[in-house]
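Participant: Structure for the following, please:
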Amino acid sequence: MGKLINAKEEIDKRFGKQGTESREKFRIEAFSDYFGEIIKNRRKELKLSQKDLAELVGKKRPYISRIENGEDIKISNFVLIANALNLSINITSK
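Facilitator: Here you go, the predicted structure:
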């Protein structure tokens, strides 16, 4: 049986401890990847091409591709795309 890995320790080792610049960069990239996957999966579920979605939100197809591939997205564009895909966004305080 292999050695057990502690996920928190592994993330700290690879991306730095919480509060460091490298950890914040990792967090932002992880959220961008996550949002990109949500958008791509929903677009495919609705049988829309990237071009179709781009036209719905007034953008160009390469922009949609970049978002789906994890490029950081402005909240205003995320809201436009979410609305076009009939996704809801909930914002809560911690």
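
Participant: gap between Leu48 and Ala30?
Facilitator: According to C-beta to C-beta, to the nearest Å, Leu48 and Ala30 sit 25 Å apart. Every residue, glycine included, has its C-beta placed from N, CA and C.

Participant: Please say which of those two ends up with more neighbours.
Facilitator: Set Leu48 next to Ala30 and count neighbours by other C-beta atoms under 10 Å: Leu48 wins out with 17 against 13.

Participant: What is the three-state secondary structure of that one?
Facilitator: Following DSSP: H, G, I helix; E, B strand; the rest coil, Leu48 is assigned to coil.

Participant: likewise Glu71?
Facilitator: Per three-state DSSP, Glu71 ends up coil.

Participant: can I assume it is in contact with Ser32?
Facilitator: Yes. Assessed by C-beta atoms under 8 Å, Glu71 is found in contact with Ser32 at 6.4 Å.

Participant: Mind checking which of those two has more residues around it?
Facilitator: Taking neighbours as other C-beta under 10 Å, Glu71 and Ser32 compare with Ser32 leading, 17 against 14.

Participant: Buried residues, the host helix or strand of that one. List them.
Facilitator: Per DSSP states H and E: Ser32 is located in helix 21-45. Going by neighbour count (16 or more other C-beta atoms under 10 Å), the buried part of helix 21-45 is 23, 32, 35-36, 38-40, 42-43.

Participant: Run through who's touching that helix.
Facilitator: Outside helix 21-45, the residues that touch it by C-beta atoms under 8 Å, 6 or more residues apart in numbering are 11-12, 14-17, 50, 53, 64, 67-73, 78, 81-82, 85-87.

Participant: Next: stretch 85-94.
Facilitator: Counting by C-beta under 8 Å, 6+ apart, 38-39, 42-43, 46, 48, 53, 78-79, 82 sit against stretch 85-94.

Participant: average pLDDT across it?
Facilitator: Average pLDDT, stretch 85-94: 90.

Participant: do the same with stretch 29-42
Facilitator: Mean predicted confidence for stretch 29-42 is 94.

Participant: Can you show me the CA trace of it as PDB?
Facilitator: This file holds the C-alpha atoms of stretch 29-42, laid out as PDB (Å, rounded to 0.1, in the frame of the first residue of the first chain):
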ATOM      1  CA  GLU A  29      -5.900  30.300 -11.300                       C
ATOM      2  CA  ALA A  30      -7.900  27.500  -9.600                       C
ATOM      3  CA  PHE A  31     -11.100  29.600  -9.600                       C
ATOM      4  CA  SER A  32     -10.500  30.600 -13.200                       C
ATOM      5  CA  ASP A  33     -10.200  26.900 -14.200                       C
ATOM      6  CA  TYR A  34     -13.300  26.000 -12.200                       C
ATOM      7  CA  PHE A  35     -15.400  28.800 -13.800                       C
ATOM      8  CA  GLY A  36     -14.100  27.900 -17.200                       C
ATOM      9  CA  GLU A  37     -15.200  24.300 -16.700                       C
ATOM     10  CA  ILE A  38     -18.700  25.300 -15.500                       C
ATOM     11  CA  ILE A  39     -19.100  27.500 -18.600                       C
ATOM     12  CA  LYS A  40     -17.900  24.900 -21.000                       C
ATOM     13  CA  ASN A  41     -20.000  22.100 -19.600                       C
ATOM     14  CA  ARG A  42     -23.200  24.200 -19.600                       C
END
